[in-house]
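I need the structure of the sequence given here:
(chains A, B and C)
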Amino acid sequence: YPVSSKLVSRLVSLSTANFNTHPFFPQIDCGSRVNGKWEEERYTDGVKWKFLEHKGPVFAPPYEPIPSNVKFYYDGETLHRCAYHVRLSVCQGLSDNTNEMTSEERAKITDLKKCDFTEMSEYFKAQSEARKSMSKEDKQVKNERILQEYGFCIMDNHKERIANFRIEPPGLFRGRGDHPKMGMLKRRIRPEDIIINCSKDSKVPEPPRGTKWKEVRHDNKVTWLVSWTENIQGSIKYIMLNPSSRIKGEKDWQKYETARRLKKCVDHIRAQYRDDWKSKEMRIRQRAVALYFIDKLALRAGNEKEEGETADTVGCCSLRVEHIKLYPENEGQEYVVEFDFLGKDSIRYYNKVPVEKRVFKNLQLFMENKEPDDDLFDRLNTSILNKHLQELMDGLTAKVFRTYNASITLQQQLKELTTGDNIPAKILSYNRANRAVAILCNHQRAPPKTFEKSMQNLQSKIDAKRDQLADAKRELKSAKADAKVRKDEKSKKAVESKKKAVQRVEEQLMKLEVQATDREENKQIALGTSKLNYLDPRISVAWCKKWGIPVEKIYNKTQREKFAWAIDMADDDYEF
DNA sequence: TAATAGACTTAGAATGATATAA
DNA sequence: TTATATCATTCTAAGTCTATTA
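Now for the predicted structure:
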């Protein structure tokens, strides 16, 4: 499908290339041309498609009853009624009464510590092992069949891959960080919960035998195919298309074009907010300082959140007094602000940054007479900030700064860092540039469980290679000595081949050392998120072309599919 | 104006597949 | 051939931002 979609796209010739059009994303004439104005219609009235057909979702497999010989003990006593949902309920039952235990069980089971899940845990482990050892073909064939049947849809003449066509199975809710709803039972989704979205003239997907959809609608102002309401937060979940699809790719492209427009006016915006630090109005000063943080530190906007519903995390506008500390002087630097707070996914943001004196004074002012849990920016929220940004540039919102700063940083770092005469060295340079962005955006990961061990393994490989190099050098030396004495062709040739051997081993050693450096520097940093969501892929494609690096070295298959538009568009001289 | 609903992007961890070492 | 390491894919939570409603 990606190939055919691309080919079709290329076959459509487009005469009026303007800001919103590119041969890769041609306007599709879907039949409702009015006075030859279908292009405008498509982009101004929010229509996302004219035709949409799909097979609906794949439901979670039914519960498999646990065999009765697998027992669950409470306080040493065997409880016989121990179906899957009871096990789940036990975990949440201690904090939540709306569970599925009988009142008898609820009265009895009060202490998680007295629960003995050993046998059940072992049973599940065995099950998982059994699944693993299931013959490869069986698994693949089965998956492939489901994928072929449910994994694609037709949207406006293109067969597109669906991202998440399987409904989330029931289970324990696993929130991130200190989540108040951790462990609650996420209930099973049935056909009666499902809203189907498709076009009127398409074949409506059949619900499973004996069931009905909650609703079938035909809303072409949205991109989702299926939705349902989840019971933990009461929010809506969607089935949507894969990143390789036209509808996602075009949006992605637009995102980077918006960021590039910001590049053109960012100097003006910076001058403006610096000026606003002096404003008579508190709300304007707060807005200006917050925007400075968003720009300089790539902080997220920071919407308000309902207390008690989610983990306590913040972004820029929702920072509280307790999240920053001010140091008039710190380690030889003036006006240092220390940030320490939990951001998205409860990932800690810790940073000490020197700021302009005016910012520092403003922060002192904002913090005056406040408690630690008061809002730092009490006259500001994301809606106020974004309204202001919208006035500065069409389509500008807080998150555009993250995209802009990430991409411009990659471009500038690539310029600065690209060194080395071989491909591995250049790729290390690329990874370092990528890493600079990941650090800016605070993309962290837990160090892999096997990190220490794999580092040790690599180190012993390096040691072995060093020994090998020493041997090779020794052999070269003796070959040279030999050649000096003998002075014949054969010994000269031997010297040459030993020289080559040394060179080869040196190269191998260097490669390993580069690998070790790269891995060590990457221990707690996640590169994937910025690569996938923040870095204009055309920068990377251009870099590959410029330095003769195969794009496969930077983007794997999935990523190349997602960024097909960029691979198609960018030449070696592309400038973000 | 503020709260809420809705739609869509961004996020790290878990899981699965594949490559590599033993 | 098997065990382990690495890489890719899947999963779904958690954000942002806009539209709608009160």
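
CA atoms for contacts and neighbours, from now on please.
Will do.

flag every residue of the stretch 101-250 of chain A that's near DNA strand B.
By C-alpha under 7 Å from any atom of the strand, the residues of the stretch 101-250 of chain A that approach DNA strand B are A:128, A:132, A:139-140, A:221-224, A:235-238, A:248.

how many neighbours does residue A:420 have?
A count of neighbours around residue A:420, defined by other C-alpha atoms under 10 Å, yields 12.

please, which helix or strand holds the nearest residue to it once chain neighbours are set aside?
Leaving aside its chain neighbours, residue A:420 sits nearest to residue A:426 (5.8 Å; criterion: C-alpha to C-alpha, 6 or more residues apart in numbering). Residue A:426 is part of helix A:423-440, with elements assigned from DSSP states H and E.

which outside residues touch that helix?
Contacts with helix A:423-440, where a contact means C-alpha atoms under 8 Å, 6 or more residues apart in numbering, come from A:297-298, A:406-407, A:409-410, A:413-414, A:417-420, A:444, A:511, A:514, A:518, A:522, A:525-527, A:529-531, A:549, A:553-554.

what about it, near DNA strand C?
No. Applying C-alpha under 7 Å from any atom of the strand, one finds helix A:423-440 out of contact with DNA strand C, separated by at least 11.9 Å.

list the buried residues of that helix.
A:424-440 (16 or more other C-alpha atoms under 10 Å).

could you do stretch A:448-467 as well?
A:458, A:462, A:465-466.

can you tell if it touches DNA strand C?
Yes. Contact of stretch A:448-467 with DNA strand C (C-alpha under 7 Å from any atom of the strand) involves A:450-451, A:453-454, A:458.

one step back: among the buried residues of stretch A:448-467, which are in helices?
Using DSSP state H, the members of those that fall in helices are A:458, A:462, A:465-466.

list the contacts of the longest strand along chain A.
Using DSSP state E, we find that the single longest strand of chain A is strand A:333-342. Identification of contacts with strand A:333-342 by C-alpha under 8 Å, 6+ apart yields A:312-314, A:323-330, A:348-357, A:360.

parallel or antiparallel, which strands does it pair with?
Strand A:333-342 pairs in its sheet with strand A:324-330 (antiparallel), strand A:348-354 (antiparallel), by DSSP bridges.

for it, what is the average pLDDT?
Averaged over strand A:333-342, pLDDT sits at 97.

again, but for stretch A:555-562
On average, stretch A:555-562 scores 95.

go on, stretch A:476-487?
Across stretch A:476-487, the per-residue pLDDT values average to 86.

buried residues, it. List them.
Buried, per 16+ other C-alpha under 10 Å, within stretch A:476-487: A:476, A:479-480, A:482-483.

tell me the contacts of residue A:273?
A:288-289, A:291-292.

keep only those of those that are in strands.
Assigned to strands by DSSP E, none of the contacts of residue A:273 qualify.

thought residue A:56 was touching residue A:205, still the case?
Yes. Assessed by C-alpha atoms under 8 Å, residue A:205 is found in contact with residue A:56 at 5.4 Å.

in chain A, where is pLDDT below threshold?
When residues are selected by pLDDT under 70, those of chain A lie in A:1-21, A:27-44, A:79-103, A:105-106, A:112, A:127-137.

okay, domains of it per the record?
Using the TED database, the domain parsing of chain A gives A:52-60+A:135-244, A:72-125, A:247-398, A:406-569.

just give the number of residues close to the residue lying closest to residue A:360 once chain neighbours are set aside.
The shortest distance from residue A:360 to any non-neighbouring residue, by C-alpha to C-alpha, 6+ apart, is to residue A:335 (6.1 Å). The number of residues packed near residue A:335 is 19, by other C-alpha under 10 Å.

residue A:335 and residue A:362: what is the separation?
As for residue A:335, its distance to residue A:362 is 11 Å (criterion: C-alpha to C-alpha, to the nearest Å).

rewinding a little: okay, residue A:205 and residue A:56: which has more neighbours?
residue A:56 (26 against 16).

quick one, what contacts the more buried one?
Residues in contact with residue A:56 (C-alpha under 8 Å, 6+ apart) are A:150, A:165, A:196, A:205-207, A:225-226.

and if we set it to 6 Å?
Contacts for residue A:56 were tallied using C-alpha atoms under 6 Å, 6 or more residues apart in numbering; they are residue A:205.

now the one 4 residues further on
Taking C-alpha under 6 Å, 6+ apart as the criterion, residue A:60 is in contact with A:167, A:169.

and with 7 Å instead?
A:167-169 (C-alpha atoms under 7 Å, 6 or more residues apart in numbering).

I'd like to know which of the residues you listed are buried.
A:167-168.

format the contacts of residue A:60 as JSON lines; extra columns: secondary structure and distance to residue A:377.
Formatted as JSON lines, the contacts of residue A:60 follow (DSSP: H, G, I helix; E, B strand; the rest coil; distance: C-alpha to C-alpha, whole Å):
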{"residue": "A:167", "secondary structure": "coil", "distance to residue A:377": "40"}
{"residue": "A:168", "secondary structure": "coil", "distance to residue A:377": "38"}
{"residue": "A:169", "secondary structure": "coil", "distance to residue A:377": "41"}
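
what about the single nearest residue of the stretch 251-400 of chain A relative to DNA strand B, neighbour count?
As assessed by C-alpha to the nearest atom of the strand, DNA strand B sits closest to residue A:251 within the stretch 251-400 of chain A, at 5.2 Å. Other residues within reach of residue A:251, judged by other C-alpha under 10 Å, total 12.

tell me which of the strands paired with strand A:333-342 lies nearest to residue A:72.
strand A:348-354 (38.2 Å; C-alpha to C-alpha).

could you see whether DNA strand B lies near that closest one?
No. Figure legend: strand A:348-354 not in contact with DNA strand B (C-alpha under 7 Å from any atom of the strand); closest approach 9.3 Å.

next: stretch A:364-375.
No. Contact of stretch A:364-375 with DNA strand B (C-alpha under 7 Å from any atom of the strand) is absent, the minimum separation being 14.4 Å.

return the alpha-carbon coordinates of stretch A:567-576 using CSV.
The C-alpha trace of stretch A:567-576 is given here as CSV (Å, rounded to 0.1, in the frame of the first residue of the first chain):
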residue,chain,number,x,y,z
ILE,A,567,12.2,11.3,1.7
ASP,A,568,10.3,12.2,-1.5
MET,A,569,10.5,16.0,-0.9
ALA,A,570,13.9,16.8,0.5
ASP,A,571,17.1,17.4,-1.5
ASP,A,572,20.6,17.6,0.0
ASP,A,573,20.2,21.4,0.3
TYR,A,574,17.0,21.4,2.3
GLU,A,575,16.9,24.1,5.0
PHE,A,576,14.5,23.9,7.8
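
and it, which residues are buried?
A:567, A:570-572, A:576.

so what touches that stretch?
Outside stretch A:567-576, the residues that touch it by C-alpha under 7 Å, 6+ apart are A:260, A:408, A:538-539, A:541-543, A:545-546.

hmm, 6 Å instead?
A:538, A:542, A:545-546.

okay, the buried residues of stretch A:476-487 in a markdown table with distance to DNA strand B next?
Shown next, in a markdown table, are the buried residues of stretch A:476-487 (distance: C-alpha to the nearest atom of the strand, whole Å):
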| residue | distance to DNA strand B |
| --- | --- |
| A:476 | 26 |
| A:479 | 29 |
| A:480 | 32 |
| A:482 | 34 |
| A:483 | 35 |
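
related to what we said a few turns ago, which among the contacts of helix A:423-440 count as buried?
Buried by 16+ other C-alpha under 10 Å: A:297-298, A:406-407, A:409-410, A:413-414, A:418, A:444, A:514, A:518, A:522, A:525-527, A:530-531, A:549, A:554, out of the contacts of helix A:423-440.

give me the subset of those touching DNA strand B.
A:444, A:526, A:530.

which one of those residues is nearest DNA strand C?
Each of these was checked against DNA strand C using C-alpha to the nearest atom of the strand; the closest is residue A:526, at 11.0 Å.

doesn't residue A:446 make contact with that closest one?
No. Here residue A:526 lies out of contact with residue A:446, judged by C-alpha atoms under 6 Å, at a distance of 8.9 Å.

many thanks, have a good one.
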